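S.K.: sequence isn't available, so here's the structure alone:
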């Protein structure tokens, strides 16, 4: 069996051998760590259910992490908690004051001059409560935003460091869901849920105490109705949960259908299938509507029952309370206070159940987030964190820093001073800052890597040594099987072959987007596994077939990720890639390279997008330039310009690996490598191979390719 087949069949034994010996030797060749990483890092994430409430045991780790997230803002949260307790105390005193005012008024012996004073005192009390509520909300909002900032940044950094197979296994939608919905849930737990729960707890406990103080017998008659309502609500919740989940599943199917149709609207419209897609969406929506109707009816019945129970409670209180007022054991004012406290307690207990569910969901969301944050970064990812420094939240407005959250608040100076005194991170923690790469000022990097690497042999500057590779989420034979390939320094080779022969995989391995399962890839005599990934990708640059542009200008897309780019180097890169040929047209591009390219480059043609991507790569003056079908969208005239520019790069010492199927691009290379089923089937010059019997000759017999040779 070949090594990849062994790995696929015996993962457990491989893990055991790795654990016992630290290094696995198979067929007398060292096996890299990539296979072990794939066995553990590409497992699907836990399925996300927004309505699932984890148990207290399941939520405990998430709650601890949630408290850890909020700990750097403990001063803000303490201030918010203190203001909440005072304002809740004022709220508890108001029903009692109303009752006392009513008793005094009914007695008829009030001094008229005391009425304005009493009203002013009550107004002052209520105004104080409003100020405390505003202060609490301000402190909580800032704390919530800071928690959200820390959490989202850490999560996004962790997502960027995941293996490529992570998104292949879980999908980008799941990752975005954690970045958005789960982060919002964690933020809401710190801001809304925590304060609502604390306030509800204070009001319910304090309200029950005042009810008992006013009338123990009436309080017992009122509170005895709470347990049956709570049990009924729990039973109803269990019954309706499954029905609600079914409704959500059907809505998700409808949303998926609409997302697909809108995402491929160009193709849908070209085929005239708008009505088909509308009917498909309508059917799925109708299915969700039918399922939802039963849920709504059950909810209506339950809410009607709750309303009946609440009204019955009011009737009982009024009946028994009136009897006590008649008997003289209770005043009318005390009865009024009792009714107000009863309403407050009812609302508070209802809020407690809601808050409990929200906090448990937030704990689950936090656990899902840290499931990613705690995962081991993929060694093939470029490190994000370059330098470490404590965030300075006391910078003057106008300077860019993580303290911008405060600079935009426009809060009073006293509050700003308080906020600025709280660090963004906990004591001893630091915020890591990414710094952009500057373009090298000289051409010394073209002679080799700045780390001082020297090629073991100029004929094997790039060396694929018996490489096996299989994508972790694909079954079947390896994509590359016992591939050995050497590229000379400053050479220009073209790799071609049928679809699925492993051409693009070579590009991925050169960039170390993946590690081979078996064998080694070397540049300059050094294995890629032993290189710093940032250094590697500074000198090995890929131009993919599917160009990634963002909605900035042509200039911004070309210099993306670089600083200190001088005009001369930019013009050279634009000329080599042929960007200046279209950007200089004042008719189509009146702003030249400052023209906006639209969302993902939608305002440009495919060829223009590819030329921008090529200019982006050339600007970095790489030691190795990898072209993955980078000329596929170019017309013949543009392709000639680009190929001439590539020859200029080659003359300066750049090694070029071109993955192509266009004969004109293949012809431009010094050497042609033909892949077949993951191995090198042919190698030689284009002139040597085009007429020889073999894979290249068969490819060139395709009439679509032969027409390109003229």
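M.R.: The structure has been received and is ready for your questions. Keep in mind that this is a model prediction, so the values were computed, not measured. Numbers count the residues shown, from 1 in each chain.

S.K.: in the stretch 1-150 of the chain, which spans are helices?
M.R.: Applying DSSP state H, counting those that start in this stretch to the stretch 1-150 of the chain gives helices spanning 3-9, 11-21, 34-41, 56-70, 74-107, 114-160.

S.K.: so which of these is nearest residue 204?
M.R.: Closest of the helices of the stretch 1-150 of the chain to residue 204 is helix 74-107, at 10.5 Å (criterion: CB to CB). Heads up, the C-betas are built off the backbone N, CA and C, glycines and all.

S.K.: show me what that closest one is packed up against.
M.R.: Applying 3 or more CB pairs under 8 Å, 6 or more residues apart in numbering; DSSP states H and E, we find helix 74-107 packed against helix 114-160, helix 194-214, helix 332-373, helix 413-420.

S.K.: dump those into TSV; add mean neighbour count, distance to residue 637 and mean pLDDT as well.
M.R.: As requested, these are exported to TSV (neighbours: other CB atoms under 10 Å; distance: least, CB to CB, whole Å; pLDDT from 0 to 100):
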stretch	mean neighbour count	distance to residue 637	mean pLDDT
helix 114-160	16	38	84
helix 194-214	19	65	87
helix 332-373	21	47	80
helix 413-420	14	60	44
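
S.K.: reformat the helices of the stretch 1-150 of the chain as CSV; add distance to residue 286.
M.R.: Below are the helices of the stretch 1-150 of the chain laid out as CSV (distance: least, CB to CB, whole Å):
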stretch, distance to residue 286
helix 3-9, 45
helix 11-21, 46
helix 34-41, 42
helix 56-70, 36
helix 74-107, 46
helix 114-160, 37
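
S.K.: among those, which is nearest residue 207?
M.R.: Going by CB to CB, the one of the helices of the stretch 1-150 of the chain nearest residue 207 is helix 74-107, 6.9 Å.

S.K.: now do the closest one, average pLDDT.
M.R.: Averaged across helix 74-107, pLDDT comes to 86.

S.K.: what comes up buried for it?
M.R.: If you call a residue buried by 16 or more other CB atoms under 10 Å, then helix 74-107 has these buried ones: 76-77, 79-81, 83-84, 87-88, 90-92, 94-102.

S.K.: got the angle between it and helix 56-70?
M.R.: 110 degrees (axes from the mean of the first three to the mean of the last three CA atoms, to 10 degrees).

S.K.: quick one: helix 74-107 to helix 114-160, angle?
M.R.: 150 degrees.

S.K.: what segments of the stretch 251-400 of the chain are helices?
M.R.: Going by DSSP H, counting those that start in this stretch, the stretch 251-400 of the chain shows helices at 265-270, 274-327, 332-373.

S.K.: elements contacting the last one?
M.R.: So the one you mean is helix 332-373. If contacts are counted by 3+ CB pairs under 8 Å, 6+ apart, helix 332-373 sits against helix 56-70, helix 74-107, helix 114-160, helix 183-188, helix 194-214, helix 226-263, helix 274-327.

S.K.: ok, now the second one?
M.R.: In terms of contacts (3+ CB pairs under 8 Å, 6+ apart), helix 274-327 is packed against helix 216-223, helix 226-263, helix 332-373.

S.K.: out of these, which is closest to residue 660?
M.R.: Nearest of these (CB to CB): helix 226-263, 29.5 Å.

S.K.: show me what counts as buried in the closest one.
M.R.: The neighbour-count check on helix 226-263 (16+ other CB under 10 Å) flags 229, 236, 243-244, 246-248, 250-251, 253-254, 257-258, 261 as buried.

S.K.: again with stretch 479-486
M.R.: Buried residues in stretch 479-486 (16+ other CB under 10 Å): 479-481, 483, 485-486.

S.K.: cool, and stretch 595-602?
M.R.: Under the neighbour-count criterion of 16+ other CB under 10 Å, stretch 595-602 has 595, 597, 601 buried.

S.K.: tabulate those residues in JSON lines, adding columns for pLDDT, secondary structure and distance to residue 276.
M.R.: Below are these laid out as JSON lines (pLDDT from 0 to 100; DSSP: H, G, I helix; E, B strand; the rest coil; distance: CB to CB, whole Å):
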{"residue": "595", "pLDDT": "84", "secondary structure": "coil", "distance to residue 276": "38"}
{"residue": "597", "pLDDT": "84", "secondary structure": "coil", "distance to residue 276": "33"}
{"residue": "601", "pLDDT": "77", "secondary structure": "helix", "distance to residue 276": "30"}
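
S.K.: tell me the one of the residues you listed nearest residue 693?
M.R.: Residue 693 has its nearest neighbour among these in residue 601, at 42.5 Å by CB to CB.

S.K.: pLDDT weak spots in the stretch 401-550 of the chain?
M.R.: Counting by pLDDT under 70, the stretch 401-550 of the chain has low-confidence residues at 401-460, 473, 476.

S.K.: before we move on, back to that, nearest to residue 320, of the helices and strands packed on helix 274-327?
M.R.: For residue 320, the closest of these is helix 216-223, at 5.6 Å, according to CB to CB.

S.K.: now do that closest one: everything it contacts.
M.R.: Contact with helix 216-223 is made by 208, 211-212, 313, 316-317, 320-321, 324, 330, 338, 342, as judged by CB atoms under 8 Å, 6 or more residues apart in numbering.

S.K.: again with stretch 187-207
M.R.: Stretch 187-207 is contacted by residues 66, 69-70, 73, 77, 80-81, 84-85, 88-89, 91-92, 136, 140-141, 143-145, 147-148, 151, 341-342, 344-345, 347-349, 351-352, 354-356, 358-359, 362-363, 366 when judged by CB under 8 Å, 6+ apart.

S.K.: list the contacts of the closest residue to residue 254 other than its chain neighbours.
M.R.: Nearest residue to residue 254 in three dimensions, chain neighbours excluded: residue 284, at 3.9 Å (CB to CB, 6 or more residues apart in numbering). Counting by CB under 8 Å, 6+ apart, residue 284 touches 250, 253-254, 257.

S.K.: got it, and residue 582?
M.R.: Residues near residue 582 by CB under 8 Å, 6+ apart: 588-589, 608, 611.

S.K.: nearest to residue 130, out of the residues you listed: which one, please.
M.R.: Using CB to CB, the contacts of residue 582 come closest to residue 130 at residue 589, 56.9 Å.

S.K.: can you give me phi and psi for the closest one?
M.R.: phi -130, psi 80 (degrees, to the nearest 10).

S.K.: that one and residue 596: what is the separation?
M.R.: Using CB to CB, to the nearest Å, one gets 10 Å for the distance from residue 589 to residue 596.

S.K.: quick one: closest of the helices and strands packed on helix 332-373 to residue 372.
M.R.: helix 114-160 (5.0 Å).

S.K.: just the angle between the closest one and helix 194-214, please?
M.R.: If you take the same axes, to 10 degrees, helix 114-160 sits at 140 degrees to helix 194-214.

S.K.: report the angle between helix 114-160 and helix 332-373.
M.R.: 10 degrees.

S.K.: tell me which other helices or strands helix 114-160 touches.
M.R.: For helix 114-160, the packing partners by 3+ CB pairs under 8 Å, 6+ apart come out as helix 56-70, helix 74-107, helix 183-188, helix 332-373, helix 404-407, helix 413-420.
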